[in-house]
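Enquirer: next come a sequence and a model predicted from it.
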Number of protein chains: 4
Amino acid sequence: MPTITVWNEYIHEKENDRAAELYPDGIHAHIADVLAEAGHDTHTATLQEPDHGLTEDVLEDTDVLYWWGHIAHDEVDDAVADRVARHVREGMGLIVLHSGHHAKPFRQLLGMDADLTWREAEERERLHVIDPGHPIASGLPESFVVPEAEMYGEPFTVPEPDRLVFVSWFEGGEVFRSGCCYRRGKGRIFYFRPGHETYPVYHQDEIQTVLRNAAEWAAPVEGSPYPTAPRNVPDPAEDIDGYDR
Amino acid sequence: MPTITVWNEYIHEKENDRAAELYPDGIHAHIADVLAEAGHDTHTATLQEPDHGLTEDVLEDTDVLYWWGHIAHDEVDDAVADRVARHVREGMGLIVLHSGHHAKPFRQLLGMDADLTWREAEERERLHVIDPGHPIASGLPESFVVPEAEMYGEPFTVPEPDRLVFVSWFEGGEVFRSGCCYRRGKGRIFYFRPGHETYPVYHQDEIQTVLRNAAEWAAPVEGSPYPTAPRNVPDPAEDIDGYDR
Amino acid sequence: MPTITVWNEYIHEKENDRAAELYPDGIHAHIADVLAEAGHDTHTATLQEPDHGLTEDVLEDTDVLYWWGHIAHDEVDDAVADRVARHVREGMGLIVLHSGHHAKPFRQLLGMDADLTWREAEERERLHVIDPGHPIASGLPESFVVPEAEMYGEPFTVPEPDRLVFVSWFEGGEVFRSGCCYRRGKGRIFYFRPGHETYPVYHQDEIQTVLRNAAEWAAPVEGSPYPTAPRNVPDPAEDIDGYDR
Amino acid sequence: MPTITVWNEYIHEKENDRAAELYPDGIHAHIADVLAEAGHDTHTATLQEPDHGLTEDVLEDTDVLYWWGHIAHDEVDDAVADRVARHVREGMGLIVLHSGHHAKPFRQLLGMDADLTWREAEERERLHVIDPGHPIASGLPESFVVPEAEMYGEPFTVPEPDRLVFVSWFEGGEVFRSGCCYRRGKGRIFYFRPGHETYPVYHQDEIQTVLRNAAEWAAPVEGSPYPTAPRNVPDPAEDIDGYDR
């Protein structure tokens, strides 16, 4: 099974009572527990650690990286963001959660700002499965409810996803592409919308099912050799008329 | 591991000496052997059997169906083609080989004619991996040679594939999208170009690697409930102003 | 500007008082008027005419075909459906409206059943533009309301669209991919959800804007030669070692 | 018709005799002439100008930007690359030529390195139209030859293109996705492979046809409002139970 690293900026849970109550050891620890129960080898890393806990060695040993950030995206070092993006291109999976839509490596890999509209009104969200044949939807019903959610609305300024798994309905009238799959190089990227820090979203069964499925889906595949640099190939496989190297 | 059925029109091998020499028990038996060696539970079916060997029961028990046909596409019963297409939509994988581009269920699922240009000149084909991160490319080099091939050339009149895994180079100057992935409903479809009956293509290591990888890739996923009919839902989940069923 | 043919099964407007009141000369005549006001050369055709009004000559002269059908899909002759699908592959645009999701040529071109859930509860629909850079969205706000709509809900069993332009929010809790773009061969296909016969949907400004934009978007492009049959090309452009035709 | 700016790093033509002979006033001036003859309002800009000639005002007035760069990608100021990428997201078209695959704004918009293999052997290239229904292919034959070309080979480490228009065959045995369409935000991006500075590629008819077609294809569309920042929307369009702002 894939080896998981769950990254968290880890600020709200130390400053906001409700977040602390829901996730006493941090969202990262909670999600790591959920995945560990499913049998994964899980690790965590946070903004406050050296290199934000995402050294070359850690990423080398990570099959799938989960990312939760919100108010401290700018504090993520550019070199670390570059490193994460490079590992994704070379095969590491990346699961971007909720407010992580503005995370540096996500924006960098998409080439877009990933802006959206939002509202905090404890409103009802209904996630509809758009792609019932997608492995990330395995074990889910046709739709399910998140009783209290922060709203995210379209337009979500991302590239058209390779596969769209979920679309959310919000009580206040909006919709959102809540489960978006991308590929960059050999790496798989899944953006999953739910997850505000002051709602018990990651305690919900269906959400945990998605988190588990995403690990399997985003795990690296062997594939064929992936070039990490341009390469001159002066010796052609076939004869070129008049060319003698 | 997925349960495989390999289907063959099974005509050339009984009428053409070279085909008989290469595939004495038929291409279907040969491919089934290749997949059985990889541990799959494999079965075969041919045009000549009742229902072409593709009864409801057989398809119900098939995870991935391989299809080889060439000169007898029209002899495939429409009802059987419809049945195959329906099973694909409901999750069965379909691997369409070489001249199977004109197979009834393939054309029906794509909504296109899948025409192309061709030439039999025993020319060299080079298959280049375009998508090194695709599981069907696992274990392959960046490119490999089929020493003697029937040429297929563009334009290949199919929908733009969801993922393009291979592009072929031909000695005579053509190119071809030789590995095309599609999804229809819950089912995965892979078109793989190589495979003329009078060349030992399916005896080649790299080709067998692709055949094996394709079985894993096309295997059904659980997903969420898939509707096989339209459905009236008069009872809304949310209140509708003024509506009282 | 593109030459338009608007096709309608033309049954409801002759049998249902509300439909007759909204569209006294039929939905086809109404939509043709809307497009004619924008300067298009418009024609109409209905189920009841010989060949349903869609002869080879008519289709040859049609740049974009609009299709409205609901309760009489099965009465459309297979040969006419085949003819429409062929013309789309060769470049004619096809705009499929509302209950036309079950139209024979649409299903045939997609290779899917295009099933969905539905409810008639005069509920509110909000169409959100998902792709603000799409020409079909030109002149629209970020979202707009259809005050009374028949609901269509996911899963909509179609292939993942090439571009998704609109997603609908429904009062009763559903979402739907209401504006889906496809290409088949040289032809462009746009499915547009709104349009029940007993609501004044096609009288609404934003809807008419979409209808007009769709004509421009779906108009044929010159492109390069499109093959309508397989073709043997025994004479290679490049020398093939040992091959002398 | 779209207003065009053709950008060039403009170094080879001042240092290499063959390049100077082919493009005495620079590749940018030559391409601008080709497009001006087609009726476009054309401008040029080069690396050596202040802001590389790509000020906010210039980009504001540019519908489609052509980009030719090779040995001086690193000398392009990050702020200018960011500015170009932003204008693309907001609707400006971007045509990236040949060695521009490594241009900063292109890589930034794709989120990928856009690496490839290459060889300078004056070999023959055959460009095959893969998508005969694409407007960029209008007026072209099924395939055409560039007699002397620098080879680019796969894997080309870019995201899977939205539409693949051309695939190249090379004498030495490689293939390449030579015409790749992307969308980022409201902007259209077309990568077109041919164009080495020491071959008369941009003097060739078919190549000039592509350059002209690309301008039309990449021109901005009106679309609907595009958000350039996240936005709080505390007032919902629909009532939210228990929420009173």
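Expert: Received, thanks.

Enquirer: now the strands for chain A?
Expert: Assigned by DSSP state E, chain A shows strands spanning A:3-8, A:41-46, A:64-68, A:93-97, A:117-129, A:143-153, A:163-170, A:175-184, A:187-192, A:231-232.

Enquirer: who does the shortest one pair up with?
Expert: Sheet pairing for strand A:231-232, assigned by DSSP bridges, gives strand D:117-129 (parallel).

Enquirer: got the angle for the partner strand vs strand B:175-184?
Expert: Counting by axes from the mean of the first three to the mean of the last three Cα atoms, to 10 degrees, strand D:117-129 points 70 degrees away from the direction of strand B:175-184.

Enquirer: quick one: buried residues of strand D:117-129?
Expert: Burial within strand D:117-129, assessed by neighbour count using 16 or more other Cβ atoms under 10 Å in any protein chain shown, is assigned to D:Thr117, D:Trp118, D:Arg119, D:Ala121, D:Glu122, D:Glu123, D:Arg124, D:Glu125, D:Arg126, D:Leu127, D:His128, D:Val129. C-beta here means a position set from N, CA and C on the backbone, and glycine is covered the same way.

Enquirer: nearest to chain C, of the residues you listed?
Expert: Taking Cβ to the nearest Cβ as the measure, D:Val129 is the one of those closest to chain C, at 4.5 Å.

Enquirer: from the buried residues of strand D:117-129, pick the one nearest B:Ile136.
Expert: For the buried residues of strand D:117-129, the residue nearest B:Ile136 by Cβ to Cβ is D:Thr117; the value is 21.6 Å.

Enquirer: what sits against the closest one?
Expert: Under the criterion of Cβ atoms under 8 Å, 6 or more residues apart in numbering or on different chains, the contact list for D:Thr117 reads A:Pro227, A:Pro230, A:Arg231, A:Asn232, A:Val233, D:Met151, D:Tyr152, D:Gly153, D:Glu154, D:Glu174.

Enquirer: swap in 6 Å and give it another go.
Expert: Contact partners of D:Thr117, counting by Cβ atoms under 6 Å, 6 or more residues apart in numbering or on different chains, are A:Arg231, A:Val233, D:Gly153.

Enquirer: list buried residues within those.
Expert: The neighbour-count criterion (16+ other Cβ under 10 Å) marks D:Gly153 among the contacts of D:Thr117 as buried.

Enquirer: using CSV, please lay out the contacts of D:Thr117 together with pLDDT.
Expert: Output for the contacts of D:Thr117, formatted as CSV (pLDDT from 0 to 100):
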residue, pLDDT
A:Arg231, 95
A:Val233, 95
D:Gly153, 98
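
Enquirer: which one of the contacts of D:Thr117 is nearest to chain C?
Expert: Nearest to chain C among these, with distances taken as Cβ to the nearest Cβ, is D:Gly153, at 17.3 Å.

Enquirer: return the residues of chain A in contact with chain C.
Expert: Remark: the part of chain A in contact with chain C comprises A:Arg126, A:His128, A:Ile130, A:Pro132, A:Glu154, A:Pro155, A:Val167, A:Trp169, A:Gly173, A:Val175, using Cβ under 6 Å from any Cβ of the partner chain.

Enquirer: for the longest helix belonging to chain A, packing partners?
Expert: Counting residues, the longest helix found in chain A (DSSP state H) is helix A:205-218. Applying 3 or more Cβ pairs under 6 Å, 6 or more residues apart in numbering or on different chains; DSSP states H and E, one finds that helix A:205-218 contacts strand A:187-192.

Enquirer: export the contacts of D:Thr117 to a markdown table and tack on distance to C:Asp25?
Expert: Formatted as a markdown table, the contacts of D:Thr117 follow (distance: Cβ to Cβ, whole Å):
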| residue | distance to C:Asp25 |
| --- | --- |
| A:Arg231 | 66 |
| A:Val233 | 67 |
| D:Gly153 | 60 |
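
Enquirer: which residue, other than its chain neighbours, is closest to A:Gly39?
Expert: Nearest non-adjacent residue to A:Gly39, counting by Cβ to Cβ, 6 or more residues apart in numbering or on different chains: A:Met1, 5.5 Å away.

Enquirer: do you know the pLDDT at that neighbour?
Expert: A:Met1 carries a pLDDT value of 81.

Enquirer: from memory it sits against A:Asp41, does it?
Expert: No: in this structure, A:Met1 is not within contact of A:Asp41 by Cβ atoms under 6 Å, at 7.1 Å.

Enquirer: distance of the residue nearest to A:Gly39 relative to A:Ile31?
Expert: Per Cβ to Cβ, to the nearest Å, A:Met1 is found 16 Å from A:Ile31.

Enquirer: so these two - more neighbours on which side?
Expert: Ranked by neighbour count (other Cβ atoms under 10 Å in any protein chain shown), A:Met1 and A:Ile31 place A:Ile31 first, with 26 against 13.

Enquirer: A:Asn8 is in contact with the more buried one, correct?
Expert: No: the pair A:Ile31 / A:Asn8 is not scored as a contact, 8.2 Å apart, by Cβ under 6 Å.

Enquirer: show me what contacts the residue of chain A most remote from its centre?
Expert: What lies farthest from the middle of chain A is A:Gly242; by Cα atoms, centre = their mean that is 51.4 Å. Counting by Cβ under 6 Å, 6+ apart, A:Gly242 makes contact with nothing.

Enquirer: could you list the residues of chain A in contact with chain B?
Expert: Checking chain A against chain B by Cβ under 6 Å from any Cβ, the hits are A:129, A:132-133, A:135, A:137-138, A:140, A:142, A:186, A:221-226.

Enquirer: most widely separated two among these?
Expert: Spatial extent of these (Cβ to Cβ) is set by the pair A:Glu142 and A:Pro225 at 41.0 Å.

Enquirer: more crowded one of these two?
Expert: The neighbour comparison of A:Glu142 against A:Pro225 (other Cβ under 10 Å) goes to A:Glu142, with 16 against 13.

Enquirer: coming back round to it: so among the residues of chain A next to chain B, which ones count as buried?
Expert: Buried among these by 16+ other Cβ under 10 Å: A:Val129, A:Pro132, A:Gly133, A:Ala137, A:Ser138, A:Leu140, A:Glu142, A:Lys186, A:Val221, A:Gly223, A:Ser224, A:Tyr226.

Enquirer: and of these, the nearest to B:Asp17?
Expert: Among those, and counting by Cβ to Cβ, the member closest to B:Asp17 is A:Ser224, at 36.2 Å.

Enquirer: was I right about that closest one contacting B:Leu140?
Expert: Yes: assessed by Cβ under 6 Å, A:Ser224 is found in contact with B:Leu140 at 4.6 Å.
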